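Participant: following is a predicted model, sequence given first.
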Amino acid sequence: MTEFPTAFTELVGALRQLPSVGPRSAERHALFLLNAPAAVSERLASALTAARAEIHPCRQCGFYAQGADSLCSICANPQRDAKLWCVVEQASDVIKLEKSNFFRGLYHVLGGRLSPLDKVGPEDLSIAKMEVRLKEAPPAEAILALAADAEGETTALYLAPILKNAGVKVSRLAMGLPAGGGLEYADSVTLGYALSGRREL
């Protein structure tokens, strides 16, 4: 059996850690990078190193920001409606919602959802940071854009009283999102309908 150089095997193994990349795809990508001009792989390595070093959670909402202790472009935009929040599980959910072009408020990224079976409790999410934000500048309404499954429902039921006690109207995404599905699988049109048809809790 032919043995590939250790460095090649390591590269393939590293690429296989990426989502949706199987053994054949990883090998194809590795061969492309080895055969492409050096500038291609150097740019990729440089961009990845810079992104890891420079991108940090927004100090206000938890979305991606450039620089430590910085605001993201959404929180820093005075044109956004500060009286409307959308609470999401992950920073990637913000990207999906922004692509729908239906939401013009601010976000709060939880960093996950409550899951007793996985030992994820309130202290593991950015709920305390959300409570600080509520004291400083509470919105008029908060939309809970969480997955339509057991963990998403549990998280919504936990957050709703906290928000309501701060005088905030609480709603959830309604039509458009399938039960058991997360935002990462929804297209922009579906998300637009879900935002427009949200219901109050």
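Facilitator: Perfect, I can see it now.
Participant: measure stretch 84-97 end to end?
Facilitator: Distance between the two ends of stretch 84-97: 14 Å, counting by CA to CA, to the nearest Å.
Participant: that stretch: which residues count as buried?
Facilitator: Neighbour counts over stretch 84-97 (16 or more other CB atoms under 10 Å) mark 84-91, 93-94, 96-97 as buried. All C-beta spots, glycine's among them, are computed from the backbone N, C-alpha and C.
Participant: and stretch 29-37, by the same measure?
Facilitator: Buried, per 16+ other CB under 10 Å, within stretch 29-37: 29-30.
Participant: could I get the buried residue list for stretch 67-78?
Facilitator: By 16+ other CB under 10 Å, the buried positions in stretch 67-78 come out as 70-72, 74-75.
Participant: re the thing from before, of the buried residues of stretch 84-97, closest to Tyr64?
Facilitator: Ala91 (5.5 Å; CB to CB).
Participant: mind listing what the closest one touches?
Facilitator: Listed by CB atoms under 8 Å, 6 or more residues apart in numbering, the contact set of Ala91 reads 57, 62-64, 109.
Participant: just the pLDDT for it.
Facilitator: You'll see Ala91 listed with a pLDDT of 95.
Participant: tell me the SS of the closest residue to Ala166 other than its chain neighbours?
Facilitator: Excluding the flanking residues, the one nearest Ala166 by CB to CB, 6 or more residues apart in numbering is Leu134, at 4.2 Å. Secondary structure for Leu134, judged by DSSP: H, G, I helix; E, B strand; the rest coil, is helix.
Participant: what about Leu134, neighbour count?
Facilitator: Using other CB atoms under 10 Å, Leu134 has 19 other residues around it.
Participant: after the one helix or strand Ser41 maps to, next one along is what?
Facilitator: In this structure, Ser41 is located in helix 38-54 according to DSSP states H and E. Once helix 38-54 ends, the next helix or strand along the chain (criterion: DSSP H and E) is strand 55-57.
Participant: hang on, the earlier thing: report the two of the buried residues of stretch 84-97 separated the most.
Facilitator: For the buried residues of stretch 84-97, the maximum inter-member distance is 19.8 Å, found between Leu84 and Gln90 (CB to CB).
Participant: one step back: closest to Ala128 out of the buried residues of stretch 84-97?
Facilitator: Val87 (13.9 Å).
Participant: can you spell out the domain ranges of the chain, please?
Facilitator: Domain ranges of the chain: 7-53, 79-200, per automatic domain parsing.
Participant: name the stretch among the ones you listed that sits most buried.
Facilitator: Ranked by mean neighbour count, those are led by domain 79-200 with a mean of 17 (mean count of other CB atoms under 10 Å).
Participant: and of the contacts of Ala91, the nearest to Thr9?
Facilitator: Tyr64 (32.3 Å).
Participant: which secondary structure elements does the longest strand seen in the chain sit against?
Facilitator: Taking DSSP state E as the criterion, the chain has its longest strand at strand 81-88. If contacts are counted by 3 or more CB pairs under 8 Å, 6 or more residues apart in numbering; DSSP states H and E, strand 81-88 sits against helix 91-100, strand 105-109, strand 141-145.
Participant: how about a cut-off of 7 Å?
Facilitator: Contact partners of strand 81-88 among helices and strands, from 3 or more CB pairs under 7 Å, 6 or more residues apart in numbering; DSSP states H and E: strand 105-109, strand 141-145.
Participant: good, wrapping up.
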